[in-house]
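Participant: Predicted model, plus sequence, below.
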Amino acid sequence: MFLRRISTAASLAGLLILPAAAAQAGPSVRPADAAVAAPAQDEPSAQDAAFLKAAHQGNLAEIAAGRIAWTTSKDPTVKALAATLMRDHIHMDADLYQTARHLRVFLPDAPTDEQRALAKRYEAAGADTFDEYFISTQLAEHREALKMVAEQVSDGSEQSVKDLAAAAEPVIAHHRQLLRDAAEAKGIAGYAGAGGRRG
C-alpha cells in the first residue's frame, strides 16, 4: 500500500509538471558472512525506528496536505508552496523507505490520527479562510519537524538514519522559510514584518 501511495503521489506531482530529483542510492549490501558476524549493525535503536516511522507519517501527511492546498487555494503562491511540499516530501519519503527497508523497520501505511484530523479540517475550511489556516498550521508542523530531525541527528544511533535526518533538515528549513514568506505576504498576525516573525 505504501508503494501505491508513493506512486500515486508521484504521478500527481508529475501532472503538476514538477521537476524530478534523482533518488539517493541506498546503502550497499554487505556480504552474507559479514552480516552473520555483526548483525547488530543492522539493528536500529528504538529511537531510530521511532524516527523512521514518525518521519514517514509526517511525509504522508505533508503530501496529503499539499494535495488539498493545491486543489483548494486560489492563491498562486500557496499553490506553488503546495507543489513544493508534495515534491520534496515524496522524494524524502522514497529515501526514507529505502533506509527503513534495509534496517527491516515496518512503516505505518497512513498518517497519525492527529494528522488525518488536520487534513479533514483543511478539507472543511472555507475558501476565504483556507490559506491563512493552512500556512499557520504548516508553520507549526514544520517547527516540530525541525525539532525531531535535530534530535535524531544529535541522539540517533544508526548512522544511516542520522544521515537521513541531516539531509531532511535543510529541506524542512526551506519549507518553513517559504511558509514564513507567505505568511508575511498575506499579513498573517505575527508575520507583518521581519521583526514580528514567529514560527
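Facilitator: Received the coordinates, thanks. Because the structure is predicted, anything quoted here is derived from the model rather than measured. Residues are numbered from 1 along each chain as shown.

Participant: pLDDT weak spots in the protein?
Facilitator: Scanning the chain for pLDDT under 70 picks out 1-42, 192-199.

Participant: Could you find the closest non-adjacent residue to the residue nearest the centre of it?
Facilitator: Central residue of the chain (C-alpha atoms, centre = their mean): Asn59, 3.4 Å from the mean position. Computed as C-beta to C-beta, 6 or more residues apart in numbering, the closest residue to Asn59 that is not its neighbour in sequence is Asp93, at 3.8 Å. C-beta: built from backbone N, CA, C; applies to glycine.

Participant: and the gap between that neighbour and Ala65?
Facilitator: 14 Å (C-beta to C-beta, to the nearest Å).

Participant: Mind checking which of these two has more residues around it?
Facilitator: Of the pair Asp93 and Ala65, Asp93 is the one with more neighbours under other C-beta atoms under 10 Å, namely 26 against 23.

Participant: so where do the helices sit in the protein?
Facilitator: In the chain, the segments counted as helices under DSSP state H are 2-15, 32-37, 46-72, 76-103, 113-124, 130-155, 159-186.

Participant: what angle sits between the last one and helix 130-155?
Facilitator: I take that to be helix 159-186. 150 degrees (axes from the mean of the first three to the mean of the last three C-alpha atoms, to 10 degrees).

Participant: What residues of helix 159-186 count as buried?
Facilitator: By neighbour count with 16 or more other C-beta atoms under 10 Å, helix 159-186 contains the buried residues 160-165, 168-169, 171-172, 175-176, 178-180, 182-184, 186.

Participant: same question, the fifth one
Facilitator: When neighbours are counted by 16+ other C-beta under 10 Å, the buried residues of helix 113-124 are found to be 115, 118-119, 122.

Participant: Just want the angle from that helix to helix 130-155.
Facilitator: 160 degrees.

Participant: other SSEs contacting helix 113-124?
Facilitator: Under the contact definition 3 or more C-beta pairs under 8 Å, 6 or more residues apart in numbering; DSSP states H and E, helix 113-124 sits against helix 46-72, helix 130-155.

Participant: how far is the first one from where the chain is centred?
Facilitator: Right, the one you point to is helix 46-72. 5 Å (C-alpha atoms, centre = their mean, to the nearest Å).

Participant: Which strands or helices does it pack on?
Facilitator: For helix 46-72, the packing partners by 3+ C-beta pairs under 8 Å, 6+ apart come out as helix 2-15, helix 76-103, helix 113-124, helix 130-155, helix 159-186.

Participant: One more: the last one?
Facilitator: When contacts are defined as 3+ C-beta pairs under 8 Å, 6+ apart, helix 130-155 packs onto helix 46-72, helix 76-103, helix 113-124, helix 159-186.

Participant: Now do the buried residues in stretch 130-137.
Facilitator: Across stretch 130-137, burial judged by 16+ other C-beta under 10 Å covers 130-132, 134-137.

Participant: whoops, stretch 97-114 was the one
Facilitator: Buried residues in stretch 97-114, counted by 16+ other C-beta under 10 Å: 97-100, 102-103, 105, 107, 111.
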